[in-house]
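[1] missing the sequence, but the structure's below:
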């Protein structure tokens, strides 16, 4: 447990410790990505990123193709609010051992393995459900996946923060983000590509009557089962990884003391270190990704309504999305280590909001695969840069004694407001159209720029 008595109240200064990192040679900076800890974060990032689109973005494509209206799809995105409330059970993941598993694997790895098992079970259930008959089973299974995914995030964030010192957190964040984004492409483009390959061509007359995009649940069933099997990447990594050195915690003498140390102290520690500046920091965390999150819910219904086929969307996101995502995460991580997190955080905020305007342009441009390539490429590049810097920023705010709980609080706040607002995205599109919607999501990013500038003047006070 850190010595909070030595922590000083943060003050507002023109320069911050995150923005004045020690300068190191470029070759040494790049070599960090080949270290074992970075490679582990790459595969574990894949495990963390896989479930997200399967209960949100890709699911919205599947539901829209099945004939579900946009308003319902928007409201169903509230399944993702599980990520926004993970701080509620984060103290349990941070402190509570799992019988048998924790003794065999350690505290972090046991929770990772348990959460991955829940994700696999939920994905299998989503594969077997048919949204045309009833939405109930697919919604409940999606909730199970979201809960398991949120729990995995809690344990994995703590695992990452405890696996290296502060100077390596930007590199681990970039590796994690690269794996995360690769998984999102596999769970987005990969699902669409598999579903398209698994479709059975109907008789010629029936195809003409129903159209080329007729929904086939069997194809989606195959795609989701493959996604469940893909979680083996994370499971194998957990089994063959080394448990981070456990943080020594003072044993609790009774239930009240345990609640104080596990549930109250993590939040009190953050407030003690940052004082009134904590409000500014939490406000930035709450809105930094709002442009991307709100826009993302309607992206796949937009592709369906614009007439893009599963193959077209899969091909564009698989090729150009992969390249630009890797470039964005790599550039974001390197620039954060070289020039400081806050400067790249500002750059990411500008690029993320600006890329949404390209979707507004595409809405008026019409069905054009070349234009889709340009828009998706720019969006993935911007998102990769912003995410790498943001993860490094959140990591710098945590106290290693409460890494899981504090990081869960930060990452929950990152999604809570955006996910709630995104629930009304279908209603907004129905009322004003896609072009107006994408422009409005870009405008949501303007206040973020002011908050990043103000937060850059707060002195960082890491744990002792």
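    Okay, I see it. Everything numeric in this text was worked out from a predicted model, so none of it was measured.

[2] so how far is the helix or strand where residue 127 lies off the chain centroid?
    Here residue 127 sits within helix 107-128, counting by DSSP states H and E. Averaged C-alpha coordinates place helix 107-128 at 17 Å from its chain's average position (C-alpha atoms, centre = their mean, to the nearest Å).

[3] now that helix: buried residues?
    By neighbour count on 16 or more other C-beta atoms under 10 Å, the buried set for helix 107-128 is 107-116, 118-120, 122-127. To be clear about C-beta, it is placed using only N, CA and C from the backbone, and glycine gets the same treatment.

[4] how about stretch 419-438?
    Here stretch 419-438 shows 419-426, 428-429, 434-435, 437-438 as buried, counting by 16+ other C-beta under 10 Å.

[5] what does it rub up against?
    69-75, 77-78, 80-81, 83-84, 290, 293-298, 301-302, 305, 356-357, 359-360, 363-364, 440 (C-beta atoms under 8 Å, 6 or more residues apart in numbering).

[6] just the buried residues from these, in ChimeraX please.
    To isolate the buried ones among the contacts of stretch 419-438 in ChimeraX, judged by 16+ other C-beta under 10 Å, type:
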select :70,71,73,74,77,78,80,81,83,84,290,293,294,295,296,297,298,301,302,356,357,359,360,363,440
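
[7] mind checking the pLDDT average for the helix holding residue 127?
    Per-residue pLDDT values over helix 107-128 give a mean of 93.

[8] mind listing what's buried along the helix or strand just after that helix?
    Next in sequence after helix 107-128, counting helices and strands by DSSP H and E, comes helix 136-162. For helix 136-162, a neighbour-count test (16+ other C-beta under 10 Å) marks 138-139, 141-162 as buried.

[9] and helix 136-162, what does it pack against?
    helix 36-55, helix 81-84, helix 90-95, helix 107-128, helix 169-185, helix 403-422 (3 or more C-beta pairs under 8 Å, 6 or more residues apart in numbering; DSSP states H and E).

[10] could I get these as TSV with distance to residue 266?
    As requested, the helices and strands packed on helix 136-162 are exported to TSV (distance: least, C-beta to C-beta, whole Å):
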stretch	distance to residue 266
helix 36-55	21
helix 81-84	17
helix 90-95	7
helix 107-128	15
helix 169-185	18
helix 403-422	4
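
[11] do you know which of those helices lies nearest residue 267?
    helix 403-422 (6.9 Å; C-beta to C-beta).

[12] got any ranges where the stretch 1-150 of the chain has weak pLDDT?
    The model of the stretch 1-150 of the chain has pLDDT under 70 over residues 1-35.

[13] correction: the previous question concerned the stretch 301-450 of the chain.
    In the stretch 301-450 of the chain, residues with pLDDT under 70: 318, 400, 403-404.

[14] residue boundaries of the helices in it?
    Secondary structure of the stretch 301-450 of the chain (DSSP state H, counting those that start in this stretch): helices located at 310-316, 322-339, 341-365, 369-396, 403-422, 425-432, 434-443, 446-455.

[15] out of those helices, which gets nearest to residue 218?
    helix 310-316 (14.2 Å).

[16] buried residues in that closest one?
    Buried, per 16+ other C-beta under 10 Å, within helix 310-316: 310, 312-316.

[17] list the residues that contact the residue nearest the centre of the chain.
    Geometric centre of the chain, nearest residue: residue 49, 6.3 Å, by C-alpha atoms, centre = their mean. Residue 49 makes contact with 179-184, 187, according to C-beta under 8 Å, 6+ apart.

[18] from residue 444, how far out is it?
    From residue 49 across to residue 444, the span is 23 Å (C-beta to C-beta, to the nearest Å).

[19] how about residue 65?
    28 Å.

[20] go on, residue 85?
    Taking C-beta to C-beta, one finds residue 85 at 22 Å from residue 444.

[21] likewise for residue 281?
    In terms of C-beta to C-beta, residue 281 sits 19 Å off from residue 444.

[22] higher neighbour count, the two?
    Higher neighbour count among residue 281 and residue 444: residue 281, with 22 against 19, using other C-beta atoms under 10 Å.

[23] quick one: the helix or strand harbouring that one to helix 403-422, angle?
    Under the criterion of DSSP H and E, residue 281 resides in helix 277-287. Angle, helix 277-287 to helix 403-422, by axes from the mean of the first three to the mean of the last three C-alpha atoms, to 10 degrees: 50 degrees.

[24] what packs against helix 277-287?
    Here helix 277-287 is seen to pack against helix 265-274, helix 403-422, helix 446-455 when contacts are counted using 3+ C-beta pairs under 8 Å, 6+ apart.

[25] quick check: buried residues in it?
    So helix 277-287, judged by 16+ other C-beta under 10 Å, has buried residues 277-278, 280-287.

[26] out of those, flag the one nearest to residue 231.
    Nearest member of the buried residues of helix 277-287 to residue 231, counting by C-beta to C-beta, is residue 285, at 28.1 Å.

[27] which ones are touching the closest one?
    So residue 285 contacts 394, 410, 413-414 (C-beta under 8 Å, 6+ apart).

[28] max pairwise distance over those residues: which two?
    Of all pairs drawn from the contacts of residue 285, the widest gap by C-beta to C-beta lies between 394 and 413 and measures 9.7 Å.

[29] neighbour count for these two, which is higher?
    residue 394 (24 against 21).

[30] list the contacts for that one?
    Applying C-beta under 8 Å, 6+ apart to residue 394 gives the contacts 285, 407, 410-411, 414.

[31] rebuild the residues you listed as CSV, extending it with distance to residue 241.
    What follows is the contacts of residue 394, written out as CSV (distance: C-beta to C-beta, whole Å):
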residue, distance to residue 241
285, 28
407, 18
410, 24
411, 21
414, 26
